[in-house]
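1. got a predicted structure here, sequence first:
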Amino acid sequence: MSLSSVFNIAGSGMSAQTTRLNTVASNIANADTVSSSIDQTYRARHPVFATLFQGVQGSSGDSLFQNQDAAGQGVQVLGVVEDQSELQARYEPNHPSADAKGYVYYPNVNVVEEMADMISASRSFQTNAELMNTAKTMMQKVLTLGQ
């Protein structure tokens with residue numbers, strides 16, 4: 001793995017954490033929205049990540065544990081899935097969005113968990129940015145060795 005591939009790996013991590021921050025922001029923004037039916041109620045969304053591995057080089061008999069020995073090449077966002085946990089049904093017959101039985105449905109968003117997820121995503125983004133700065137500094141130091 002070359003030092004220049006560090007930028008691609010850190011960049012994919014930053015992109016993934018940006019997706020994570022966007023889904024957290026969407027969840028927090030919709031935490032207090034209500035609906036009169038379960039089908040129309042907002043459900044919390046969460047990104048699904050997967051590790052990208054370098055292509056296996058050489059013949060297929062190099063190692064019995066090729067997948068375990070493969071170096072990571074970055075992270076990929078496979079998609080964003082909706083949380084299927086139960087929605088909050090509250091009996092509020094005077095609410096304008098109440099259904100015929102007087103229930104209003106609130107999203108399954110836990111704001112405390114979302115805030116913790118937001119802090120974790122922003123710290124991960126910050127770590128990847130610092131990693132890129134460190135790699136840049138190392139490359140600059142290598143260039144000055146010949147002087």
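-> Sure thing, it's come through. Numbers count the residues shown, from 1 in each chain.
2. so is Gln40 in a helix, a strand, or just coil?
-> coil (DSSP: H, G, I helix; E, B strand; the rest coil).
3. again, but for the one 10 residues further on
-> Reducing the assignment at Ala50 to three states with three-state DSSP gives strand.
4. how close does Thr51 sit to Gln147?
-> The gap separating Thr51 from Gln147 is 39 Å, by Cβ to Cβ, to the nearest Å. No exception for glycine: its C-beta is placed from N, CA and C like everyone else's.
5. the two: who's more crowded?
-> Between Thr51 and Gln147, Thr51 has the larger neighbour count (other Cβ atoms under 10 Å), namely 11 against 4.
6. wait, that one sits on Gly72?
-> Yes: if you go by Cβ atoms under 8 Å, Thr51 and Gly72 touch, sitting 5.5 Å apart.
7. Val48: neighbour count?
-> 11.
8. oops, could you answer that again for Gly11 instead?
-> 15.
9. do Met138 as well
-> Neighbours around Met138, by other Cβ under 10 Å: 12.
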